[in-house]
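# next come a sequence and a model predicted from it.
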Amino acid sequence: MGIRSWFGRGEPEAPAPPRPGPPTEDQLLAALDRVEQQARDGQVPGVVLSRLLRVTRIVRNTVPRLADLGIGSAQGYSVMATATDYLPVAIGNYLRLPRDWADTRPIADGKSSVMLLVDQLDLLGATMDKVYDAVLRSDAEAIIVHGQFLEQKFGAGSAGGSLGLDTPDPTPQTMPNGNGPGPLPGPLAPPD
């Protein structure tokens, strides 16, 4: 509400435009496509491209499972930021430098720009590996819980378990005519 509206003057203020939500799965995958193409177009060295493709592969595998991380999770944010910010900025910064200078001139800790980029991509790759493992951990835990259930239900899993087929049936058997307990007839013999 503006000061003019307090005094009955002016028009009502327009509502604030809606804030964009988190990127969709398609937007994240498109961002990965763009950064890969940017690296190829810029003809980054093979050592850079291989590491970039490793990171984008892990992120691509993680994106369909982002909902499993929960809304607003730090890990989910890391995946989204890696696709839309961290990778494009790292590759873009490197590509703005002349190749001969970026690949040969030490700029920090005796490392050239290309080696610093490799270190950054390795760090992103290791981080995305941890996130992907965390995403899959709930499914892996479900396998463990189910295995424990089966072990409890049927016995030793390594020995093939037991369905209880070798123990007598505790329910009394009745004759087909319903006259009480007794053996059920065996298989019928074929007619002569």
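That came in fine, so what should we check first? Numbers count the residues shown, from 1 in each chain.

# just the helices in the protein please.
3-6, 25-41, 46-62, 66-69, 74-81, 87-95, 99-104, 113-154 (DSSP state H).

# just the pLDDT for the residue most central in space within the chain.
Taking Cα atoms, centre = their mean as the criterion, T62 is the residue nearest the geometric centre of the chain, at 2.7 Å. T62 carries a pLDDT score of 93 in this model.

# which residues does it contact?
V79, M128, V131, Y132, V135 (Cβ atoms under 8 Å, 6 or more residues apart in numbering). Where you see a C-beta, it was placed from the backbone N, CA and C, and this is true even at glycine.

# again, 6 Å this time
V79, Y132, V135 (Cβ atoms under 6 Å, 6 or more residues apart in numbering).

# save those residues as a markdown table, and put in neighbour count, pLDDT and distance to L87 too.
Compiled in a markdown table, the contacts of T62 are given as follows (neighbours: other Cβ atoms under 10 Å; pLDDT from 0 to 100; distance: Cβ to Cβ, whole Å):
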| residue | neighbour count | pLDDT | distance to L87 |
| --- | --- | --- | --- |
| V79 | 23 | 93 | 11 |
| Y132 | 18 | 92 | 16 |
| V135 | 22 | 86 | 19 |
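
# now those as a markdown table including distance to G147?
Shown next, in a markdown table, are the contacts of T62 (distance: Cβ to Cβ, whole Å):
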| residue | distance to G147 |
| --- | --- |
| V79 | 29 |
| Y132 | 22 |
| V135 | 21 |
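
# returning to that earlier point: distance of the residue nearest to the centre of the chain from K111?
Separation of T62 from K111 (Cβ to Cβ, to the nearest Å) stands at 29 Å.

# residue ranges with poor pLDDT in the chain?
1-13, 71, 156-192 (pLDDT under 70).

# repeat that for 80
Under the criterion pLDDT under 80, the flagged ranges of the chain are 1-21, 68-72, 138-142, 155-192.

# wait, isn't R54 in contact with G125?
Yes. In this structure R54 lies within contact range of G125 using Cβ atoms under 6 Å: 5.2 Å.

# which of those two has more neighbours?
Higher neighbour count among R54 and G125: G125, with 19 against 16, using other Cβ atoms under 10 Å.
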